[in-house]
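**Student:** Predicted model and sequence follow; I will ask about them next.
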Amino acid sequence: KRLKEWLDFVQRRIAFHGLPARVCWMNYQERSTFGNIINEMVKLKELSAPIAITRDHMDAAAVASPFRETENIKDGSDAIADWPVLNVLLNCSSGASLVGLYHGGGVGIGYSIHSGMTVIADGTKEAKERLELVLKADPALGVIRYADAGYKTAQNIIKTPTFPAKTVE
């Protein structure tokens, strides 16, 4: 419902500037549900072409930037490049259609590292599996990063039975 309201709003309020792309921010639980809905819509021909789903490069495990996104992270790991590298490898092994690893990110070359991913919803069973894996694993790693850094909210989330990864205390 929230997504439909957002799409209706942007269709009325934002001028078209090229590809019919839309952005919305979702939590880790909403992303895989959204991917499955889009994949089913393509399968049923409610959408006339495959849909590319990506996410902002500011996602929690997708960036190491001591001057912007991860600035002042609780445990001081803001510049540790392991998280975006691990993120891109996780997205590869989860079945992402496209991954990227780059640096600069608005703060200058050498001052940050970011990872990106795209996964295609084409209506197939295989796409459904890839969407489920990528759209759960990608944001879950961000929650794990913040739990590792000492944030209580993230630590509580990873202990829930619905969290898609098992962690060790």
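**Tutor:** The structure has been received and is ready for your questions. Residues are numbered from 1 along each chain as shown.
**Student:** Could you pick out the longest strand of the chain?
**Tutor:** If you go by DSSP state E, the chain has its longest strand at strand 113-121.
**Student:** what sits up against it?
**Tutor:** The contact list for strand 113-121 (CB atoms under 8 Å, 6 or more residues apart in numbering) reads 35, 38-39, 42, 50-55, 57, 61-65, 81, 84-85, 87-88, 91, 95-103, 105, 127, 130-131, 134-135, 138. Backbone N, C-alpha and C define where each C-beta goes, glycine included.
**Student:** Show me what the helix ranked longest in the chain is packed against.
**Tutor:** Using DSSP state H, we find that the single longest helix of the chain is helix 125-148. In this structure, helix 125-148 packs against helix 28-43, helix 82-94, strand 113-121, helix 152-158, with contacts taken as 3 or more CB pairs under 8 Å, 6 or more residues apart in numbering; DSSP states H and E.
**Student:** continuing past the second one, what's the next helix or strand?
**Tutor:** The one in question is helix 82-94. strand 98-103 (DSSP states H and E).
**Student:** Please spell out which residues along that next one are buried.
**Tutor:** By neighbour count with 16 or more other CB atoms under 10 Å, strand 98-103 contains the buried residues 99, 103.
**Student:** Show me what that strand is packed against.
**Tutor:** Applying 3+ CB pairs under 8 Å, 6+ apart, one finds that strand 98-103 makes contact with helix 82-94, strand 113-121.
**Student:** Between the ones you listed, which one is closest to R12.
**Tutor:** strand 113-121 (24.8 Å; CB to CB).
**Student:** what's the average pLDDT for that closest one?
**Tutor:** Strand 113-121 comes out with an average pLDDT of 93.
**Student:** Show me how far that strand is from its chain's centre.
**Tutor:** In terms of CA atoms, centre = their mean, to the nearest Å, the centre of strand 113-121 is found 7 Å from the chain centre.
**Student:** What residues of the longest helix of the chain count as buried?
**Tutor:** 127-128, 130-148.
**Student:** Check stretch 157-169 too.
**Tutor:** Quick answer for stretch 157-169 (16+ other CB under 10 Å): 157-158, 163-164.
**Student:** Adding pLDDT as columns, could you present these in a markdown table?
**Tutor:** Output for the buried residues of stretch 157-169, formatted as a markdown table (pLDDT from 0 to 100):
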| residue | pLDDT |
| --- | --- |
| I157 | 92 |
| I158 | 91 |
| F163 | 86 |
| P164 | 77 |
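**Student:** now stretch 56-63: mean pLDDT?
**Tutor:** In the prediction, stretch 56-63 has an average pLDDT of 76.
**Student:** So what touches it?
**Tutor:** Stretch 56-63 has contacts (CB under 8 Å, 6+ apart) with 23, 25, 55, 69-70, 83-84, 86-87, 105, 112-117, 138-139, 141-146.
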